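Engineer: I need the structure of the sequence given here:
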Amino acid sequence: EQLVAFPKDLYAEGMLKETVSILATKGFVQRETRKGASSYTFEVLSVTEKGRQFARQGGVLMLDVPEAVRKAEQQKKKDKEDRLAELTVGGIDVSALIPQEELEAGR
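Structural biologist: Below you'll find the predicted structure:
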């Protein structure tokens with residue numbers, strides 16, 4: 001398990017759903033499917049006693065990294081590598097012209 005801080009650009013519906021699934025699997029939240037007036041269904045999340053206890057005690061909750069985050073990070077890395085390759089093929093010496101922190105950030 002790893003501690004994860006989610007960068008803002010990685011927030012997505014898939015990541016949120018996976019995070020809720022992880023919290024439910026670990027017993028911190030409970031899911032309940034309910035039926036609405038027009039026969040549509042929706043999911044209700046509630047904090048379990050285990051979740052309330054943890055919140056009262058504070059601390060750091062270690063979670064597995066959601067697959068959506070891993071995929072987004074891999075895509076970001078690939079995009080960065082593709083941009084560098086495109087510049088290099090175009091005859092640009094990226095190490096001389098682009099500051100190292102921008103290269104690392106993929107800008």
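Engineer: Could you pick out the longest helix of this protein?
Structural biologist: The longest helix of the chain (DSSP state H) is helix 67-89.
Engineer: Packing partners of that helix?
Structural biologist: Here helix 67-89 touches helix 13-25, helix 94-97, going by 3 or more C-beta pairs under 8 Å, 6 or more residues apart in numbering; DSSP states H and E. From N, CA and C alone the C-beta is placed, and that goes for glycine too.
Engineer: After the first one, which helix or strand is next?
Structural biologist: As assigned by DSSP states H and E, the chain's next helix or strand after helix 13-25 is strand 29-35.
Engineer: what about the helices and strands packed on helix 67-89, which gets the closest to Val44?
Structural biologist: Val44 lies closest, by C-beta to C-beta, to one member of the helices and strands packed on helix 67-89: helix 13-25, at 11.6 Å.
Engineer: buried set for the closest one?
Structural biologist: Met15, Glu18, Thr19, Val20, Ile22, Leu23 (16 or more other C-beta atoms under 10 Å).
Engineer: repeat for stretch 81-96
Structural biologist: For stretch 81-96, using 16+ other C-beta under 10 Å, the buried residues are Leu84.
Engineer: you'd agree Arg31 is up against Val47?
Structural biologist: No - counting by C-beta atoms under 8 Å, Arg31 sits too far from Val47 to count as a contact (11.6 Å).
Engineer: so where is this structure shaky, pLDDT-wise?
Structural biologist: 1-13, 99-100, 103-107 (pLDDT under 70).
Engineer: Spatially central residue in it, please.
Structural biologist: Val69 (3.7 Å; C-alpha atoms, centre = their mean).
Engineer: Return the distance of it relative to Glu86.
Structural biologist: Going from Val69 to Glu86 by C-beta to C-beta, to the nearest Å gives 26 Å.
Engineer: Next: Thr48.
Structural biologist: 50 Å.
Engineer: same question, Val65
Structural biologist: 29 Å.
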